[in-house]
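Enquirer: Here's a sequence, model it:
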Amino acid sequence: MFSVLHIDDNTAESDLLALAAAEASLPIAIGSAPIAREAYTRLTLSSAERWPHLVLLDLNMPRLDGRGFLSLRRADRRLARLPVFVYTSSTREADVSDCFDLGADGYLVKPPDWDSIVVVLEDVARFLATGAPVGAPLDATDAPAPSFVERQAQAWDSWVRARSAMDESWRRIARSLDALSQSGSLACENDAARRGNAGS
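Expert: Predicted coordinates for the structure are as follows:
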């Protein structure tokens, strides 16, 4: 069983992850830490043997936020060995870039539904078991574990592809709305013309 510490001021998010992992029978035990500063202090005072196997880190929190936690971790040679994945709702390119610059091992966007949460946790479990990058195909477990730099590059590529797909979806929605708007305008013009003809 792998231990994962979820640092997030919203403890309901941690409860949701724990429930999803349990119902999907994944070998992950989710712990909750609602205050990042306290979590950092506990980690620095603990021996490495008592650390979680991985940290899921929210980005936007009061007092010490995700960036602050990553900065402290990077400055601590011992704690820098602990894998940290940012787990946030932000899809801003600047946030992704900042987190990798601060030494994050991965960047995960919080999924919008239950099934997607399970998929993310499956990827996390695979990473912990094999070192395979998040989002890798299942047969990647037979390949050598990628280096830290390779994991960063692969995570960034995955995010770029997901962002491109999201942008294309919004463009399709915008085109559909434009078409509906134009259709509605044409219908109104035709209706007005019919009323004009009827009155003449």
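Enquirer: which stretches of the protein have low pLDDT?
Expert: Within the chain, the segments meeting pLDDT under 70 span 132-170, 184-200.
Enquirer: all helices in it, in order from the N-terminus.
Expert: When assigned using DSSP state H, the helices of the chain occupy the ranges 11-23, 36-45, 66-75, 93-101, 114-130, 148-199.
Enquirer: from what I can see residue 125 touches residue 2, true?
Expert: Yes: assessed by CB atoms under 8 Å, residue 125 is found in contact with residue 2 at 6.7 Å. In this view, the C-beta of every residue, glycine as well, is placed from N, C-alpha and C.
Enquirer: Quickly list what's touching both of those two.
Expert: 27, 28 (CB atoms under 8 Å, 6 or more residues apart in numbering).
Enquirer: which one is residue 122 nearest to, not counting chain neighbours?
Expert: With sequence-adjacent residues excluded and distances taken as CB to CB, 6 or more residues apart in numbering, residue 122 is closest to residue 26, at 6.5 Å.
Enquirer: what's the answer for residue 56, then?
Expert: residue 87 (4.2 Å).
Enquirer: Could you pull up the contacting residues of that neighbour?
Expert: Taking CB under 8 Å, 6+ apart, one finds 6, 8, 56, 57, 58, 108, 110 in contact with residue 87.
Enquirer: Please report how far residue 182 lies from residue 174.
Expert: From residue 182 over to residue 174 the distance is 13 Å, taken as CB to CB, to the nearest Å.
Enquirer: How about residue 16?
Expert: 32 Å.
Enquirer: So which of the two has more stuff around it?
Expert: residue 16 (16 against 10; other CB atoms under 10 Å).
Enquirer: Give me the nearest residue to the more buried one, chain neighbours excluded.
Expert: Per CB to CB, 6+ apart, closest to residue 16 is residue 117, 6.9 Å.
Enquirer: The one you found reaches residue 111, doesn't it?
Expert: Yes: contact criterion CB under 8 Å: residue 117 and residue 111 qualify, at 4.8 Å.
Enquirer: List the buried residues in stretch 45-57.
Expert: Neighbour counts using 16 or more other CB atoms under 10 Å place 51, 52, 53, 54, 55, 56, 57 of stretch 45-57 among the buried residues.
Enquirer: Near the closest residue to residue 73 other than its chain neighbours, how many other residues are there?
Expert: Nearest non-adjacent residue to residue 73, counting by CB to CB, 6+ apart: residue 79, 5.0 Å away. Neighbour count of residue 79, defined by other CB under 10 Å: 19.
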